[in-house]
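Chemist: Whatever this is, show me its structure:
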Amino acid sequence: MENVIREKLAERAKNIRLYLHAYAFHLNMRYERVLPEDLLDIAYQNHLSGVKVHVEDGESFSLRNMRPEQLGSFKKKAEQYGLDIHIETSASDKKTLDEAIAIAQATGATSVRFYPRY
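Modeler: Residues are numbered from 1 along each chain as shown. Got it, this is the predicted structure:
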């Protein structure tokens, strides 16, 4: 690789926002050993920009299963840490998307990612 390209890539890498993705903790989240709020702590402790979390991560403690006040606490903690939130869901039907959007609004998330299904 040419030095000019290498230097350009290195400079761009300095500005990349890094996020903690819940999938890295998938099995631990399935067994409820790592919960959505834990992701905020981990991201903060590692000086990351935010978290990417699926609405079902954490099983019975997932964002999908949180009461409105719990979602508000999640939002407040993210704000206190200065973290961005991205919400994910696994379907593209209206009901699923509406639920993910409601969770995103309640948590202050800046994006909703979904996986289209047929």
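
Chemist: need the helices for the protein, in chain order.
Modeler: Counting by DSSP state H, residue ranges of the helices within the chain are 3-13, 26-30, 36-45, 68-81, 94-107.

Chemist: among these, which is nearest K52?
Modeler: helix 36-45 (8.8 Å; Cβ to Cβ). C-beta: built from backbone N, CA, C; applies to glycine.

Chemist: Mind listing residues that contact that closest one?
Modeler: Contacts of helix 36-45 with the rest of the structure, by Cβ atoms under 8 Å, 6 or more residues apart in numbering, involve 19-20, 22, 25, 49-51, 53, 57-58, 61-63, 66, 73-74, 77-78, 81-83.

Chemist: and the helices of the chain, which is most packed in?
Modeler: When those are scored by mean count of other Cβ atoms under 10 Å, the highest mean neighbour count falls to helix 36-45 (a mean of 20).

Chemist: could you dump that helix to CSV, C-alpha only?
Modeler: What follows is the C-alpha trace of helix 36-45 in CSV, where atoms were taken according to Å, rounded to 0.1, in the frame of the first residue of the first chain:
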residue,chain,number,x,y,z
PRO,A,36,-28.8,-3.8,28.5
GLU,A,37,-27.7,-1.4,31.3
ASP,A,38,-24.4,-3.3,31.7
LEU,A,39,-23.7,-2.5,28.0
LEU,A,40,-23.8,1.2,28.9
ASP,A,41,-21.3,0.7,31.7
ILE,A,42,-18.9,-1.3,29.5
ALA,A,43,-19.1,1.2,26.7
TYR,A,44,-18.4,4.1,29.1
GLN,A,45,-15.6,2.3,30.8
